[in-house]
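# Just need the structure, nothing else, for what follows:
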Amino acid sequence: MSSPPSLPLNPLHVAQQFARRAPLDEAQFLYGEIAQRMLQRLSYIRSNPSVILDAGCGAGHAVEPLRARYPAAQYTGLDISRPLLNTAIARHAGKRGLWNRLRNKPAAETHFLRADMAKTGLPPESIGLIWSNMALHWHPAPHSVFAEWRRILKPNGLAMFSCLGPASFKELREALNDAGIQTATPSFVDMHDFGDLLVENGFTDPVMDQETITLTFKTAEKLLSDLWTLGGNPSIGRRPGLPGRKWRENLIEALEKQRQMDGTIHLTLEVAYGHAWRAQSFKSAPDETRISVNAITRRRPKS
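I've put the predicted structure just below:
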């Protein structure tokens, strides 16, 4: 890969759009489903982290599932949206999860942090598992996110994520083109580039796979409503707003022309899943090798 991929997103618009959609409960028809598929993949991986970072935690919908999987682990949720974090704090901070209540165990520590995924401010080598569900495609510099994840992960710590891929929303782009509407739409990184990025940023044994999910809608209005619920369009170059009712009518008409034989309108989502282990050392530049501080400490000879 000649240069790290970047996404033409405005971070301020990302934060603003998710603030308007808090608490994202209605979006869990997709985000919650992808989380369950991630958890199924996680069940095949041997990992027992003492500290978990939920990168892009939103309103904390993954707190309970992760607590059930790792009841003794300390949980930290990180997000850029203050309204979403406020909801997460109200719902989960300082409270015992259902799993711990059933086991009559004390609550593991739960914290929430407002920060950029590429600039967490967390101590180096402090996290055992980074979990990130459907958040990475909202960041303009995924390579910087991976570099930060490597910095804060413990040696042999695990990073696991899901995100949208390039084939997502192809029907919407086709409809915009047919309607003669000139506006930027979200773009996404190919999963193979993510695999390369992981290796280049000091991760080992990356595993990437993808699946295509087709959402079906009875009306074009419902399709557009669900798209809004999932996060909107923070792309640089997008039209600043709906210029009028005609714009929306033309788009709905173009979507209606896409009806399938069963009478539904389809929307394709390409979902990529990835996980990799944080290496103890890696070469970040010619003749330069970075080694874990903890690894150096363990190797120090006794005096």
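# Surely Phe188 is in contact with Pro166?
Yes - in this structure, Phe188 is within contact of Pro166 by CB atoms under 8 Å, at 4.9 Å. (C-beta placed from N, C-alpha, C; glycine too.)
# Which residue of these two possesses the greater neighbour count?
Between Phe188 and Pro166, counted using other CB atoms under 10 Å, Phe188 has the larger neighbour count: 19 against 14.
# for stretch 218-229, which positions count as buried?
Ala220, Leu223, Leu224, Asp226, Thr229 (16 or more other CB atoms under 10 Å).
# that older thread, quick check: neighbours shared by Phe188 and Pro166?
The overlap between the contact sets of Phe188 and Pro166 (CB atoms under 8 Å, 6 or more residues apart in numbering) consists of Glu270.
# contacting residues for Glu171?
Leu255, Gln258, Ile265, His266, Leu267, Thr268 are the contacts of Glu171 under CB under 8 Å, 6+ apart.
# Just the element for it, please.
helix 170-178 (DSSP states H and E).
# Tell me the helix or strand right after that helix.
Downstream of helix 170-178, the next assigned helix or strand under DSSP H and E is helix 191-200.
# what's that next one in contact with?
1, 4-5, 142-143, 146, 159, 163, 165, 206, 208-210, 272, 274, 276.
# can you tell me the average pLDDT over the longest helix belonging to the chain?
Using DSSP state H, we find that the single longest helix of the chain is helix 28-42. When pLDDT is averaged along helix 28-42, the result is 97.
# helix or strand right after that helix?
Helix 28-42 is succeeded, C-terminally, by strand 51-55 (DSSP H and E).
# Any idea how far the helix or strand following that following strand is from the middle of the chain?
Next in sequence after strand 51-55, counting helices and strands by DSSP H and E, comes helix 63-69. Put simply, helix 63-69 sits 17 Å off its chain's centre (CA atoms, centre = their mean, to the nearest Å).
# What residues sit buried inside the helix or strand hosting Leu269?
Using DSSP H and E, Leu269 maps to strand 265-278. Of the residues in strand 265-278, 265-267, 269-278 count as buried by neighbour count, 16+ other CB under 10 Å.
# Export these as CSV, with columns for pLDDT.
Output for the buried residues of strand 265-278, formatted as CSV (pLDDT from 0 to 100):
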residue, pLDDT
Ile265, 98
His266, 98
Leu267, 97
Leu269, 98
Glu270, 98
Val271, 98
Ala272, 98
Tyr273, 98
Gly274, 97
His275, 97
Ala276, 98
Trp277, 97
Arg278, 97
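# Name the SS class of Lys154, please.
Under DSSP: H, G, I helix; E, B strand; the rest coil, Lys154 falls in the strand class.
# how many neighbours does Gly237 have?
10.
# Could you measure from it over to Ala167?
Gly237 sits 20 Å away from Ala167, going by CB to CB, to the nearest Å.
# rewinding a little: can I get the contacts of Glu171 in CSV with distance to Val63?
As requested, the contacts of Glu171 are exported to CSV (distance: CB to CB, whole Å):
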residue, distance to Val63
Leu255, 36
Gln258, 38
Ile265, 34
His266, 33
Leu267, 29
Thr268, 30
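# Between those, which sits nearest Glu125?
Closest approach to Glu125 among the contacts of Glu171 (CB to CB): Thr268, at 39.6 Å.
# what's the spacing between that closest one and Trp131?
25 Å.
# now do Gly58
From Gly58 to Trp131 the distance is 12 Å (CB to CB).
# Neighbour count for these two, which is higher?
Set Gly58 next to Trp131 and count neighbours by other CB under 10 Å: Trp131 wins out with 30 against 26.
# Which residues are in contact with Pro166?
For Pro166, the contacting residues are Ser187, Phe188, Val189, Asp190, Glu270, by CB under 8 Å, 6+ apart.
# Look up how far Asp193 lies from it.
Counting by CB to CB, the gap from Pro166 to Asp193 is 10 Å.
# How about His13?
From His13 to Asp193 the distance is 24 Å (CB to CB).
# Please apply the same query to Pro71.
36 Å.
# try Glu64
Counting by CB to CB, the gap from Glu64 to Asp193 is 33 Å.
# so where's the stretch 51-200 of the chain shaky on pLDDT?
For the stretch 51-200 of the chain, the stretches with pLDDT under 70 are 95-107.
# 90 instead?
Low-confidence segments of the stretch 51-200 of the chain (pLDDT under 90): 93-109, 181-186.
# Quick check: which element contains Asn250?
helix 245-256.
# quick one: contacts for Ile80?
Pro11, Val14, Ala15, Phe18, Arg114, Ala115, Asp116, Met117.
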